[in-house]
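Asker: turn this into a structure:
(2 chains)
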Amino acid sequence: MSRIEATIKNVGVMREKALIAYVMAGDPTLKASAEIILAVERAGADIIEIGVPFSDPIADGPTIQKSADRALLNNVSMADVLNMVKGLRKETKIPLILMTYCNPILAYGLSAFFKEARRVGVNGVIVPDLPPEEAKDFLPLARRNLIDMIFLVAPTSTPDRVQKILKAGSGFVYYVPLTGVTGSKLTGKDDIQKRITALKKLTDRPVAAGFGISNPEDAKSIGAAADGVIVGSALVQIIATAAENPDYLSDLSTFVSSLKTALKPAS
Amino acid sequence: MALLPNKKGRFGPYGGRYVAETLMPALLELEDVYQSVRRKPAFKKQLSDQLKHFVGRPTSLYFAERLTQYFGGPKIYLKREDLCHTGAHKINNTVGQILLTQEMGKKRVIAETGAGQHGVAVATVAARAGLECEVYMGTEDMARQALNVIRMRMLGAKVTGVDTGSRTLKDAISEALRDWTANVRDTHYILGSVLGPHPYPMMIRDFQSVIGQEARQQILRLEGKLPDLLIACVGGGSNAIGLFYPFLSDESVKMIGVEAGGEGIETGKHAARFATGSVGVLQGTMSVLLQDPNGQILQTHSISAGLDYAAVGPEHCYYHDNHRIEYTSVTDDEALAAFHLLSKQEGIIPALESSHAIAHLSKVVSAYRADQVIVLNLSGRGDKDVHQVSEIMGWTGTEIGEDA
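Answerer: Residues are numbered from 1 along each chain as shown, chains lettered A, B, ... in the order given. The predicted structure is shown next:
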């Protein structure tokens, strides 16, 4: 069992749900991102997804697009992010996942990327524009380097596609509860719970849901069915205030701990 | 020649389907529907009726006698896609895709547009089909192609400006893909060029191949032989592949695709992917891109909104690598000179996109003998560019300046 899968399952043993927090590397600066990641961990995140900025993020809504633009103004590259992870590994043991698009990985070099990702301590990779059909070159390299390739299941995925995705991926199954991009508005939570419950019956791997989960209420209701929730745009929005808000880091920590509290059993 | 693309939508290493999972089922459905109807007599009849009576096909293959005399060399024929309804080849594809939309029972169509010609062509067929239509367009392109924005609105389409990135075609495609991701259940995305995920590059090539099929028959009738050279401009590459495709097995026919050289390759301000690009994935397909060493997509530049894009269609990449098609570029200034040349020699105001093909023609024409034949795809007319060109020339308002 991979480190990511074990982490989510261990959290489950405590009758909690895992909080997976997304942070864009390089927004507002690369140095600040490392501090943000450690603060988010201290505030209760179980796993961190680190965004590697791409100029044309077709699966992302305006919040993460703008965050990527800010990071790119700082010239943050894949090599920089891998180097940041290397530094972080001196201070944290929690699973770290890189989330980016195909092109920055291909530009770095597919084989070199997985080798270096392993060397610096990356545990998983999420590539939203890479369906399992196109992942043939990625999967053996990921496996050889003990890195989880995490694939997304959408509300539009047909049963045969769900099977294909479950077979290709490892770590956890990323369930997208809505048709839309990151940061969209979440509606129909009862229906989402049912769909997550149905998905969980098809796999032994944990199921975590993300896209549109923006507050503790959402986290609680989705977490009632899923093994974990992923929160991105809502965190990025707080980080986006960094320039004018000297307390953004403590605001962020407060928000993250409110999310984590919502994922614990009521005491 | 092997049938391309393969089942996975690959032209050699290029193509594929690099999209979010949410869109995968829609792409598979589109492919299924397209494959099942394309050979059905009823569909073929509907399509050919519309191409004939609504679009105005076949378009003429026009012997450009004065241009031929001007150059003093080979016979030059223009495939007059500028005479299509709405003013460019783009409508060949949209009449096909609107039939597929109706076949799939979707109620809304969306599109991206650069020069606005594709947007107008989508708004046109959507109006005729009674479907809701939204077109995404970069705000930079809205400014330089204002006439087409007005046309789309007159046709009942909603035009949504895209203010991210370089505010041109690439950003419009990203926004259209995001809309499609959110509304995929009731919306069909009518992509306008041989770009994006499979099956778009294949399907759009097929719809545009009517250009080359007609041209091939016409030139055989007019000249009793195949042409020696075909020339077309290449943005995404739909008009070029449309003309070239039916000639690919004719080994004697040379083909040249002309990209936008902008202010010159050496300035970095261009959209000549084959000049300085490298392999990568953008907006659903693997092709040749203008990107930096970190895989970030570079901003492009061209006088022509329709050629101002960082990637080129995957099928073109394949024929570039195997040398079946040659690719080159001309600058903004050369395209502008060609725009004026054709207007004055032939009484045809060409689109700035098509002017790139004419500009390259003027460079290579001397290598051909008088008994040889060149066919150039005049992909669109220049009405949309009148304002932009008049500004460049300083012909503003009622104060008409020096003659060009």
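Asker: give me the element B:Ala137 is part of.
Answerer: Heads up, residue B:137 is Met, not Ala. Secondary structure from DSSP states H and E places B:Met137 in strand B:132-138.
Asker: does the next helix or strand after that strand come close to chain A?
Answerer: Beyond strand B:132-138 on the C-terminal side, the first helix or strand identified by DSSP H and E is helix B:139-144. No: counting by CB under 8 Å from any CB of the partner chain, chain A is not contacted by helix B:139-144; separation bottoms out at 15.1 Å. Using the backbone N, CA and C atoms, a C-beta is placed for each residue, glycine as well.
Asker: any weak-confidence spans in chain A?
Answerer: Chain A contains residues with pLDDT under 70 at A:267.
Asker: pick out the residue of it closest to chain B.
Answerer: Relative to chain B, the nearest point of chain A is A:Ala107 (2.8 Å; CB to the nearest CB).
Asker: spell out which parts of the stretch 151-267 of chain A neighbour chain B.
Answerer: Counting by CB under 8 Å from any CB, the stretch 151-267 of chain A sits next to chain B at A:151-158, A:161, A:165, A:176, A:179-181, A:184.
Asker: and if we set it to 7 Å?
Answerer: Contact residues (CB under 7 Å from any CB of the partner chain) of the stretch 151-267 of chain A with chain B: A:152-154, A:156-158, A:161, A:176, A:179-181, A:184.
Asker: pull out the buried members of those.
Answerer: Neighbour-count burial (16 or more other CB atoms under 10 Å in any protein chain shown) is assigned, among those, to A:152-154, A:156-157, A:161, A:176, A:179-181, A:184.
Asker: narrow those to those in strands?
Answerer: Of the positions in those, A:152-153 sit in strands, assigned by DSSP state E.
Asker: can you pick out the most distant pair from the buried ones among the residues of the stretch 151-267 of chain A next to chain B?
Answerer: Greatest spatial distance among these (CB to CB): A:Arg161 and A:Ser184, at 20.9 Å.
Asker: phi and psi next, for B:Ala357.
Answerer: phi -70, psi -40 (degrees, to the nearest 10).
Asker: just the pLDDT at it, thanks.
Answerer: Here the pLDDT value assigned to B:Ala357 is 98.
Asker: so how many other residues sit close to it?
Answerer: Neighbour count of B:Ala357, defined by other CB atoms under 10 Å in any protein chain shown: 29.
Asker: same question for B:Ile173.
Answerer: When neighbours are counted by other CB under 10 Å, B:Ile173 comes out with 31.
Asker: do B:Phe63 as well
Answerer: 14.
Asker: check the gap between B:Leu195 and B:Ala311 for me.
Answerer: Distance of B:Leu195 to B:Ala311, given as CB to CB, to the nearest Å: 6 Å.
Asker: neighbour count winner among these two?
Answerer: B:Ala311 (34 against 28).
Asker: if I pick the more buried one, what's in contact with it?
Answerer: Counting by CB atoms under 7 Å, 6 or more residues apart in numbering or on different chains, B:Ala311 makes contact with B:195, B:273, B:282, B:287, B:289.
Asker: so which of those is the most crowded?
Answerer: The most crowded member of the contacts of B:Ala311 is B:Ser287, carrying 32 neighbours; neighbours defined as other CB under 10 Å.
Asker: distance-wise, check whatever residue of chain B ends up closest to chain A relative to B:Val281.
Answerer: Nearest to chain A in chain B, going by CB to the nearest CB, is B:Gly295, at a distance of 2.8 Å. In this view, B:Gly295 and B:Val281 are 9 Å apart by CB to CB.
Asker: now the common contact residues for the two.
Answerer: A:103, A:106.
Asker: for burial, what's the neighbour tally of the residue of chain B closest to chain A?
Answerer: Number of residues near B:Gly295 (other CB under 10 Å) recorded here: 25.
Asker: so it sits right up against A:Leu106, yeah?
Answerer: Yes: if you go by CB atoms under 7 Å, B:Gly295 and A:Leu106 touch, sitting 6.4 Å apart.
Asker: so what sits against both of the two?
Answerer: Joint contacts of B:Gly295 and A:Leu106 (CB under 7 Å, 6+ apart) are B:Gly280.
Asker: skip the chain neighbours and tell me the closest residue to residue 119.
Answerer: You didn't pick a chain, so chain A it is. Counting by CB to CB, 6 or more residues apart in numbering or on different chains, A:Arg119 lies nearest to A:Lys86, which is 7.8 Å off, once chain neighbours are set aside.
Asker: right idea, wrong chain: chain B
Answerer: Nearest to B:Gly119 is B:Thr113, by CB to CB, 6+ apart, at 3.1 Å.
Asker: ok, that neighbour - contacts?
Answerer: By CB under 7 Å, 6+ apart, the contact list for B:Thr113 reads B:119, B:135, B:137, B:172, B:192.
Asker: what's the most distant pair in those?
Answerer: The widest separation within the contacts of B:Thr113 (CB to CB) is 11.3 Å, between B:Met137 and B:Gly192.
Asker: tell me the residues on the stretch 51-200 of chain B that lie near chain A, please.
Answerer: So the stretch 51-200 of chain B meets chain A at B:164, B:170, B:174, B:177-178, B:181-182, B:184-185 (CB under 7 Å from any CB).
Asker: mind redoing it with 6 Å?
Answerer: Residues of the stretch 51-200 of chain B lying close to chain A by CB under 6 Å from any CB of the partner chain are B:174, B:177-178, B:181-182, B:184.
Asker: which helix or strand lies directly C-terminal to whatever helix or strand B:Met255 lives in?
Answerer: Counting by DSSP H and E, the element that carries B:Met255 is strand B:254-260. The helix or strand immediately downstream of strand B:254-260 is helix B:273-276, counting by DSSP H and E.
Asker: give the burial count for residue 174, as a bare number.
Answerer: Since no chain was named, I'll use chain A. A:Tyr174, neighbours per other CB under 10 Å, totals 26.
Asker: um, chain B though
Answerer: Based on other CB under 10 Å, the number of other residues close to B:Ser174 is 25.
Asker: return the residues in contact with it.
Answerer: Contact partners of B:Ser174, counting by CB atoms under 6 Å, 6 or more residues apart in numbering or on different chains, are A:56, A:58.
Asker: so it, which of the three states?
Answerer: Recorded secondary structure, B:Ser174: helix (DSSP: H, G, I helix; E, B strand; the rest coil).
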